[in-house]
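J.: 3D, please:
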Amino acid sequence: MGHFLMLRRPAGRYLILTYVPLQQRYGISNRYLREGGEQSLFRGLELQVVSDSTARSGARFEAENGRYLFSIRRLQPNPLTGQYVPLVLLGLGSVLYAAGWLLLAWRLWRVRRVGAAVAAFVLPLIVLRGGLLYFGVPYSYIELPLFDPRVYAAAWWAPSLGDLLLDALLALVVAAGGSALWRHLKVLKRVRAPRSPRGQVLVMALLGLAFGGWLVLLFGYYLTAFGSSQLSLDVTRNLQITNSWMLLALAVLLHSVAWLAGFLGLIQLAGVLLQHVPRRVLLLGPVLPALPLLGLGLALGEPWVLLAGILLLFAALVPAVKLQTISTVGSYQTSVLITLLLALASATGALALYSHFERQLLADKQRLAGNLLVDNDFQGEFYLGERMQAIAADPFVRQSLSAAFGQTEVVRQRIARQYLSDYFDKYESSITLYDAAGAPLDAPPGTPGLVASRAYLERHATRTDQRGVYLLHSGNPFSSRRYVAQITVPGRRINGFGLPLGGVRVELTLKKLTTYSVLPELLVDQKFFQPGLATELSYAGYKEGRLVYSEGDFDYANNLPVSALSQPRLYGAGLSLNGYHHYAVRGSLDRTVVVTTATYSPGDWLANFSFQFLLSSFFWLVVSGVLLLLRGRGAAPLRINFSTRIRLLLNVGIVVPLVVVSVATASQLIDSYQRDLIRTYERRGQLALESLRRQRHLLSDTTARSTLAALAKNVAVLTETDLNLYDAHGELLASSQPLIFDAGLLGPLLNPQAAVALRERNGQRALLTERAGSLSFNALYLPIRAGVGEAVAADLAGHIISHGDPHLASHPVSGRAPAALRPYVSDNTSTADDTALPTGPILGYVGIPFFDSEKELNTKLTELFTTILNIFTLLFLLFLALAFVAARHLTAPLKLITEKLTQTTLTGKNELLDYPSSDDEIGLLVREYNTMLTKLEASKRELAAQEKEAAWREMARQVAHEIKNPLTPMKLSLQFLQKAIAERRDNAEELISRISQTLITQIDVLSDIATSFSTFTNLPAMRPERLDVAAVLRRCAALHQPDTDDGALELHLPDDAETEGYIVYADENLLVRTFNNLLINARQAVPEGREPHIQVSLTPVGAGRVRVAIHDNGAGIPEEVREKMFVPNFTTKKNGSGIGLAVARRGIESAGGRIWFETEVGVGTDFFIELPLAG
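T.: The predicted structure follows:
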């Protein structure tokens, strides 16, 4: 029904008519039927097609000859001025508002006022969001589909899908601001881990409350977001992906990302606070209660218990793989932690979907059971009484009943469409018309008259409050509700007397949903439709504890004991038995209705978990890839170690085959499912055809239409299909669902493609895809052919117009007539047999529309999709864990070798490696390493001897040089004294005294030189060990801190110095002596009158190295002495020994490091010490 544009085009002796739909009008609206302009023509615009040529408003359409055709009137304002302009202004204002506060926040950020910057940006956005919610903007001014609450509505803070997206974006902004404050305040450095058992227990309890509360907030958000009945992310119930579905998934993902940021901060905080707790306690503490909680939650089906068990299991996994102390963004350990967090969020989301499904299913069961127990439809009774009065006053009905030959079928259609639509779409209607004498018009044989019908109702039916409306009860107290309404149509009254024109009888029977048809939902308006019997739902009625009625596949007599009806839980939250969930409602007259569905299986939860986990993982990979591409050329290159490369290659090698196998398997199974469905359709069609062939003589009997309709319904019930019968011309004769033709959803003519396939191409069957509104379904067409020797009559065009039994062929028809009666003769000489497949002319057609074909295929595809999802996710997680363990196992020997190589020294003792498996490549490497150590020991002894000899030579040279310096003045003084004595000078005694003093002074210098070299040669042997250089540097700086009252000493350590640890392999006493010596030198290098300013810093450099820098603002080192700074016994100080820097250089180089300095005269000096980090 609606408006169509008809195009006429002659083609030879044929006239081709093309109908272009302009506007659809069904009279009802549901998820399959949407009234309005044709989508392909008007793109969803709300408009009205007007055929009145006098209409002045709207666009007019005319034919080529100028003849008026129709007009289009817009029912909504101009989108440019009504939507787009206000939307652009609103968006521009919001952007400018946010940009202004962002500029202010950026200025505050640049001056390091981080807290003020975060507040300046986040708080105004929260205020803006609150204002939009309070005033209902933008939907209260601009009706955008994205903000339409009819599409999605969850809570006051998310009244539409667009609002949910805005909330998710705001949550991301708040999370980013919180992360910035977290880093700025250096929370991890401010907290201290307790060492006492009582303090550790208290901290663990508080952390448990924090983790639990944060997870409960996420669970509550999921419950609210999934609580809308319009949209659902439950992949086990619906796989239809729409734009709204994708936006909902995006909003949930964004909100989950914001939540993960907070959870990641809590994990880092827990890593610092629990660093002194034994690892065994961190593992066993959560695991021991987690396993019983998970088992109890699965047994009881309680989401909160399962949520607690999952959280405890996550708390045990984090320390198990040592992820609580990581801080390097982009590392593989960070990726593993994020994967675990995504799994935790996905498990929480799957539990929320389960909880929502259980609550929604319980509400549906309550509604269905209540409908079954309610006897009266009071609203329907009121409407029916009013409609009957309106029918009696309808001029067309009165005129048709008063006419000698009224069009009874037209009257029935008018009553059904005009008076029994809308509310009564949920009822099946039967309309009987009576003449003035009360006799039925065009009714099946045996239909009682109006008086007899009224008498029957008075005896066997229950009167309602409405006049002429009766409620019929059957022997079954749970059968469908049935109303009968009768009214007499009065005639014109003359002198107070008048005869009736006739009568109308309307019988309404409440429709039941069947397991094989979606027609009731298709034919009922959405606002009146109530879900009832679905393929996975069964119900039963009990009378006084005895089963009297059941619908569905569940066997109540054998699988539900009667004793279960006495359990209170059955009437509360429901009772789960043997994989089924039962819910019961008690009614009056000791009646009980039990509604049963299959329980929500762990496989359903796993499917939702798998889908959410894979979706969030894919989202994370895409975001990571985009961020990686945006790094730019100036960014530092990514450094991926060997173990990370092993894990990545293993993961890629696992995921790619899994994806390929999954896609190939899915495509094969989908083809198999489609072939199975087609075979099922053909078997049902063949069964229906065999049942109809025995009564094929009714196809040409125009007086047996009611019998043919009854036959179609019986065959439809037998084959559990809907059935349409067509004559040889392709015109509809009977249907098991005539309402679908009365509603105009299907036409009364055979599909032309079926006619071509069956008649022109002589096919045995035709399977076509048709549509009723937006419902796509398969329709199977089969020909009903005449048997061998069966007499048929055909017109000049060859169409069968009658047929009969074979004996009619022996009575020829005299004369020539347009139609000839002749027997059909087959090449097969066998006799006619009803069970044989006829090959004669087509007598009619059978059309079997499978309205649930798309639903069946979607159900199978859903099962396939969820199964593949579960297998893929389980294998992915399993192989991810195996890759993690395998990489750790494979790299463990390499880490051992790295640690030993780090400890390898030329001065100390080197231990040989003991590797149990010596036949592989690593074993070969270990053997070569041990051989190298053996050669190294020999080379070390030889080198030590050479170095000792060279050192003694150098020592002898330096001692000789140092001794030679005081000996020269001593020799000159003695020579001068000898000359004075020889010349017998008068001051000889004075000269002796003065020269003696000079000799004593030079002898003291020689003594000091001997003491210094003795100290240098007697230094203790190096004892390298693993130590934290940051802690050593902190202690040394603190030791010299009190001496800076007249200056300043600043210590700069990395942010992760507290948690990461910078471990080196060196002699602790040597490092302490070196740092103290450099700090003392830095303080003494500052000239008098200048305020000392010393800076000490520790920074990681390169790959596995750390650098210590000590800067002073002293006088600097002159050019002429810079090369002698590390020479033993050289000093620029009056009281220095000259061995401090030499000893420091010897110790630093023995640890595999180096020491050097950079200086500028008059500005200051920087000493640098670089050491390798221990493996």
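J.: Can you check which helix is longest in the protein?
T.: Ranked by residue count and defined by DSSP state H, the top helix of the chain is helix 921-982.
J.: average pLDDT for it?
T.: Mean pLDDT, computed over helix 921-982, is 75.
J.: could you point out which element follows it?
T.: Next along the chain after helix 921-982, taking DSSP states H and E as the criterion, comes helix 988-1017.
J.: returning to that earlier point: and the longest helix of the chain, what does it pack onto?
T.: Applying 3 or more CB pairs under 8 Å, 6 or more residues apart in numbering; DSSP states H and E, we find helix 921-982 packed against helix 853-903, helix 988-1017. For every residue, glycine as well, the C-beta is placed using N, CA and C.
J.: wait, which of these is closest to residue 1083?
T.: Residue 1083 lies closest to helix 988-1017 among those, at 22.6 Å (CB to CB).
J.: So which elements touch the closest one?
T.: helix 921-982.
J.: what's the angle between the helix it packs on and helix 988-1017?
T.: Between helix 921-982 and helix 988-1017, the angle comes out at 170 degrees (axes from the mean of the first three to the mean of the last three CA atoms, to 10 degrees).
J.: for helix 921-982, the distance to its chain's centre please.
T.: 73 Å (CA atoms, centre = their mean, to the nearest Å).
J.: How is this structure divided into domains?
T.: 2-76, 375-528, 695-851, 921-1017, 1025-1172 (automatic domain parsing).
J.: Just tell me which of these ends up closest to residue 222.
T.: Of these, nearest to residue 222 by CB to CB is domain 2-76, at 25.1 Å.
J.: Return the helix or strand in the protein with minimum mean pLDDT.
T.: None of the helices or strands of the chain scores lower by mean pLDDT, DSSP states H and E than strand 820-823, at a mean of 40.
J.: Could you check how far the residue positioned nearest the centre of the chain is from residue 785?
T.: In the chain, the residue lying closest to the centroid (CA atoms, centre = their mean) is residue 612, at 3.3 Å. Using CB to CB, to the nearest Å, residue 612 is found at 55 Å from residue 785.
J.: wait, doesn't residue 776 sit right on residue 850?
T.: No: Residue 776 lies out of contact with residue 850 (CB atoms under 8 Å); the separation is 10.7 Å.
J.: what about these two, which has more around it?
T.: It is residue 850, of residue 776 and residue 850, that has more neighbours when counted by other CB atoms under 10 Å, with 23 against 14.
J.: Can you list phi and psi of that one for me?
T.: phi -100, psi 90 (degrees, to the nearest 10).
J.: For the residue lying farthest from the centre of the chain, give me its contacts.
T.: In the chain, the residue that sits farthest from the middle, by CA atoms, centre = their mean, is residue 984; the gap is 114.1 Å. Applying CB atoms under 8 Å, 6 or more residues apart in numbering to residue 984 gives no contacts.
J.: Got phi/psi on it?
T.: Note on residue 984: backbone dihedrals following degrees, to the nearest 10 are phi 50, psi 60.
J.: ok, now residue 290?
T.: The phi and psi values for residue 290, taken as degrees, to the nearest 10, are phi -70, psi -40.
J.: Then residue 1155?
T.: Dihedral angles of residue 1155 (phi, psi; degrees, to the nearest 10) stand at phi -130, psi 140.
J.: Without its sequence neighbours, what residue ends up closest to residue 737?
T.: residue 722 (5.0 Å; CB to CB, 6 or more residues apart in numbering).
J.: no wait, residue 602
T.: Leaving out its chain neighbours, the residue that sits closest to residue 602 by CB to CB, 6+ apart is residue 298, at 6.8 Å.
J.: What about the one you found, how many residues nearby?
T.: The number of residues packed near residue 298 is 14, by other CB under 10 Å.
J.: Next: the one 10 residues further on.
T.: By the criterion of other CB under 10 Å, residue 308 has 21 neighbours.
J.: what's the offset of the helix or strand in which it is found from the middle of its chain?
T.: Residue 308 belongs to helix 303-320 when assigned by DSSP H and E. Here the centre of helix 303-320 is set off from its chain's centre by 20 Å, with CA atoms, centre = their mean.
J.: In the stretch 251-400 of the chain, where is pLDDT below threshold?
T.: Counting by pLDDT under 70, the ranges of the stretch 251-400 of the chain that qualify are 323-332.
J.: tell me the helices in it, going along the chain?
T.: For the stretch 251-400 of the chain, the helices defined by DSSP state H, counting those that start in this stretch occupy 279-300, 303-320, 332-373, 378-393, 395-402.
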